[in-house]
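A.B. asks: With the input below, show me the fold.
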Amino acid sequence: MGITIIWLLWIVVLASDAGVGVVHLYSLIYGGLAIGIVWLVMLFVMWRSSKPNATPWPARVRWMLATPALLLLGSISEFVPQPSLLFKLRFRLSQEALEREAKRTLDDGERVVLFGRRVGLFAVHNLSMYDGQVRFITTNCGIVDACGVVYSPNAPPTRVSEDQFVHLRGPWWHVYQGF
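C.D. replies: Presented below is the predicted three-dimensional model:
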């Protein structure tokens, strides 16, 4: 049960980023599959070695239902449209730190910074400035695309290639950066 809860927390952390990437998908599928197989084996062993007064029935039922319920809850994260409510909450908690970093970048005038550090609750892999906007790329979306947030204080962000934007609040936008 503990491993299932840790798995679910990991899935929630991955699902609350700016996009859903391969790591999320592999964690969801292979982690969920491993937990499900272990649960089935334990269920079979419990059924085979069933002793009348070994474990109280309510505890058995809780265990038998809790693991599949947590697996189902984690699986739902794959079908939530992006940007998700979890992402929006994570963004709101990080907005002050992101804005400080964006303003510092605009003041410095650096165009591309390979970042690789944490800003707020996000691990920013790449930070770039283009046309008065600052892009924080925080995760992969799918295999080759990337997602993150854009600080664009003067106008809506400039579209590059196959970019897609969703307005978050104020000068902030969610970006799906297609290649």
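A.B. asks: wait, doesn't Ala123 sit right on Asn140?
C.D. replies: No - judged on CB atoms under 8 Å, Ala123 makes no contact with Asn140 at a distance of 11.8 Å. Any C-beta I mention is one placed from the backbone N, CA and C, and that applies to glycine too.
A.B. asks: of the two, who's got more company?
C.D. replies: Just comparing Ala123 and Asn140: by other CB atoms under 10 Å the higher neighbour count belongs to Asn140, 20 against 13.
A.B. asks: which residues does the more buried one bridge with?
C.D. replies: With DSSP bridges as the criterion, Asn140 is bridged to Ala146.
A.B. asks: Tell me the confidence at it?
C.D. replies: We note a pLDDT of 87 for Asn140 in this prediction.
A.B. asks: is it true that it touches Gly19?
C.D. replies: Yes - at 7.0 Å, Asn140 counts as touching Gly19 under the criterion of CB under 8 Å.
A.B. asks: Now do the shared contacts for these two.
C.D. replies: Here Asn140 and Gly19 have Ala146, Cys147 as joint contacts, going by CB atoms under 8 Å, 6 or more residues apart in numbering.
A.B. asks: separation between Arg169 and Gln95?
C.D. replies: 8 Å (CB to CB, to the nearest Å).
A.B. asks: Who has more neighbours out of the two?
C.D. replies: Ranked by neighbour count (other CB under 10 Å), Arg169 and Gln95 place Gln95 first, with 17 against 10.
A.B. asks: where does the residue nearest to Ala155 when sequence neighbours are not counted land on pLDDT?
C.D. replies: In this structure, Ala155 finds its nearest non-sequential neighbour in Gly132, 7.7 Å apart by CB to CB, 6 or more residues apart in numbering. As summarised for this prediction, Gly132 has a pLDDT of 88.
A.B. asks: got it, and Glu110?
C.D. replies: As predicted, Glu110 sits at a pLDDT of 70.
A.B. asks: Now for it: which residues touch it?
C.D. replies: By CB under 8 Å, 6+ apart, Glu110 lies in contact with Met129.
A.B. asks: all helices for the chain, in order.
C.D. replies: 2-15, 22-26, 32-48, 57-76, 85-108 (DSSP state H).
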